[in-house]
Structure formats: C-alpha cells, structure tokens
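> Fold the following and give me the result.
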Amino acid sequence: MPDDTMHDFEAVTFTHEGKTRTVFRHGTGPAVIVIAEMPGITPKVLEFARRISAIGCTAVLPHLFGRPGHAYPNPDTDGAVRAVSKFASSIIPACISREFVVLATGKTSPVVKWLRALAAAEHRRCGGPGVGAVGMCFTGGYALAMSTDDRLLAPVLSQPSMPVGITARQRRSIDISPADLAKVKQRCANGLTVLGLRFAGDKLSPAERFDFLRAELGEAFTAVELDDTAANTEATIKPHSVLTEHLIDEPGQPTRDALDQVLDLFRTRLLHAE
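Here you go, the predicted structure:
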C-alpha cells in the first residue's frame, strides 16, 4: 500500500505537563482516541480512523512514534534490509523511552497520563456523553489504563502486546498498575464494558492475556478471538493486526465482523447513549 498524504486530516498540537505532541483529527462528533500500533500511523490505521469518522465520531490520532502516513514496511517493495531498518527506526526509540512500559508487569505506561489528558480535552471540544479509545498492539493496553477516567465509555484493546510475553507472568498480565486496574474493575461493576480482539495463534498477544482479563473483569470483558485463517494473507507478518494489516474488508469476513463490532460499540456508547 502506498503512503497516505493525510490531506483530509487536521493536524494540531496538544500539550500536557510540558509534553507537546502532534494530534491528527478526522470527522465530527464524539471523540475516539486511536492509539496506533507499531510502526505508527500507517495508511491502514488511517483507513480505520476514517471508518470511525464515517459513523459520526471524531477520530483523534496522537502521534507517539514512527512517521505518520508512511506505509507498513514491506520486504517485497522495500527490500529486506530497508524494511527491517524502517521498522526498527520506530520500535527502538519507543522501547527505550521511559514513557512506554515494555517488559515490566504491574505498571501503567507514563504516556497514559498524557493520553487521559488528551481524551479529557477532546471530550470538552467534541461534546457527547464521553469518549472512546482503541489501543493496538504495543499500545493495546493503553485503552484499558485510560478507562480509570469516567469519560472513557468505550475501550477497545486490539491485540494488546505489552508487556512482552517472555515469562508466564508477563503473558498473564497487561500493562496496567494494580491501582488503575482496581479503578477499572469498579467501573466495570458499574456498567463499563471492555472489548478485546486477537488472533488465536498470535504469540505477541498471547491467550493467557485474555484469560487474565476475563478473570479480572468478568462478564464486562468481551473477547473476540479469531482463527488465524481469517487473516488477510497479503499482510507481510503473521496474523496479528485485526483492524488494520490483517483486515479483509468484505461482508461476511470474520475480521470485518470484528471491525463492525468495534464500530457498533462506539455507536451504542457514544452516539445512542441514553
């Protein structure tokens, strides 16, 4: 897929506690914070954002890493060495940054505090009953950690991959502190629902992680686990990115059904809330 010019996105900046980042917006209506996966805001992530705006919400994409609009590295078109180099240029700075938790368990990434402030600001700007959030892969757990804020009404965890599942403890956990998890559990007891998506064979987002979320959140956690055969075979990596790289955007396809389930959650919680 070619690079995306992002000509239809508004680019602004948002500052919280001295940290300024670029934020891209598309559409009008209640805000949905789209927190991109590695290697960043790719054309597939932008397609997903446009689907959010098409239902009547504002897609809000904070730029955390990578080069916005640039296509996912592809060995067939970039060459193997250049593809690895392009991916590494995004993931290495994020992995060594103190703002992102990679290996530790029982911690919320510091960047989540900035994301909560962004969500609060977008709620004030966009209006509506609250905001939604989608975390993907490296950022998958952020939507859960952001849910300590009562304004977050529709959290989606798409193939949450942190902490890296090297040990059994890491696989059966997610990047959120015990205190933040306790707040989210209390909100779940009061009606919050959390949607999670993954491919069944995805080792980056292990099955134990969803087992952990089921045990902690109970019926408030809805798990969508797709067979690996449902993934788009044109993607350059093994089945992983449910809403982007591995989406088959055709009616009746399991990944399309998963996408529709995400959009329906936003409609229900943000557009048709009583």
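> Show me the strands in the protein, by range?
10-16, 19-26, 31-35, 58-62, 131-136, 152-158, 194-199, 221-226 (DSSP state E).
> Given the longest one, what are its sheet partners and their directions?
Strands flanking strand 19-26 in the sheet, each with its direction: strand 10-16 (antiparallel), strand 58-62 (antiparallel) (DSSP bridges).
> Equivalent analysis for the fifth one, please.
Strands adjacent to strand 131-136 in the sheet, as given by DSSP bridges, are strand 31-35 (parallel), strand 152-158 (parallel).
> rewinding a little: with mean neighbour count added, can I get the strands of the chain in JSON lines?
(Each C-beta comes from the backbone N, C-alpha and C, glycine too.) Shown next, in JSON lines, are these (neighbours: other CB atoms under 10 Å):
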{"stretch": "strand 10-16", "mean neighbour count": "13"}
{"stretch": "strand 19-26", "mean neighbour count": "17"}
{"stretch": "strand 31-35", "mean neighbour count": "28"}
{"stretch": "strand 58-62", "mean neighbour count": "26"}
{"stretch": "strand 131-136", "mean neighbour count": "29"}
{"stretch": "strand 152-158", "mean neighbour count": "27"}
{"stretch": "strand 194-199", "mean neighbour count": "24"}
{"stretch": "strand 221-226", "mean neighbour count": "18"}
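> Now render those strands as JSON lines, adding distance to Thr268 and mean pLDDT.
Listed next are the strands of the chain as JSON lines, based on distance: least, CB to CB, whole Å; pLDDT from 0 to 100:
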{"stretch": "strand 10-16", "distance to Thr268": "26", "mean pLDDT": "98"}
{"stretch": "strand 19-26", "distance to Thr268": "21", "mean pLDDT": "98"}
{"stretch": "strand 31-35", "distance to Thr268": "13", "mean pLDDT": "98"}
{"stretch": "strand 58-62", "distance to Thr268": "17", "mean pLDDT": "98"}
{"stretch": "strand 131-136", "distance to Thr268": "10", "mean pLDDT": "98"}
{"stretch": "strand 152-158", "distance to Thr268": "8", "mean pLDDT": "98"}
{"stretch": "strand 194-199", "distance to Thr268": "11", "mean pLDDT": "98"}
{"stretch": "strand 221-226", "distance to Thr268": "12", "mean pLDDT": "98"}
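> just to revisit the earlier point, please convert the strands paired with strand 131-136 to a markdown table, extending it with distance to Thr20.
Output for the strands paired with strand 131-136, formatted as a markdown table (distance: least, CB to CB, whole Å):
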| stretch | distance to Thr20 |
| --- | --- |
| strand 31-35 | 17 |
| strand 152-158 | 22 |
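> Out of those strands, which is closest to Tyr142?
Minimum separation from Tyr142 across the strands paired with strand 131-136 (CB to CB) falls at strand 31-35, 5.3 Å.
> And that closest one, how far out from the chain middle?
Chain-centre distance of strand 31-35: 8 Å, with CA atoms, centre = their mean, to the nearest Å.
> let's number from 529 now, not from 1
Understood, numbering begins at 529; the last thing we discussed is strand 559-563.
> before we move on, back to that, using a markdown table, lay out the strands of the chain together with distance to Ala648.
As requested, those are arranged in a markdown table below (distance: least, CB to CB, whole Å):
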| stretch | distance to Ala648 |
| --- | --- |
| strand 538-544 | 9 |
| strand 547-554 | 13 |
| strand 559-563 | 10 |
| strand 586-590 | 12 |
| strand 659-664 | 8 |
| strand 680-686 | 9 |
| strand 722-727 | 19 |
| strand 749-754 | 24 |
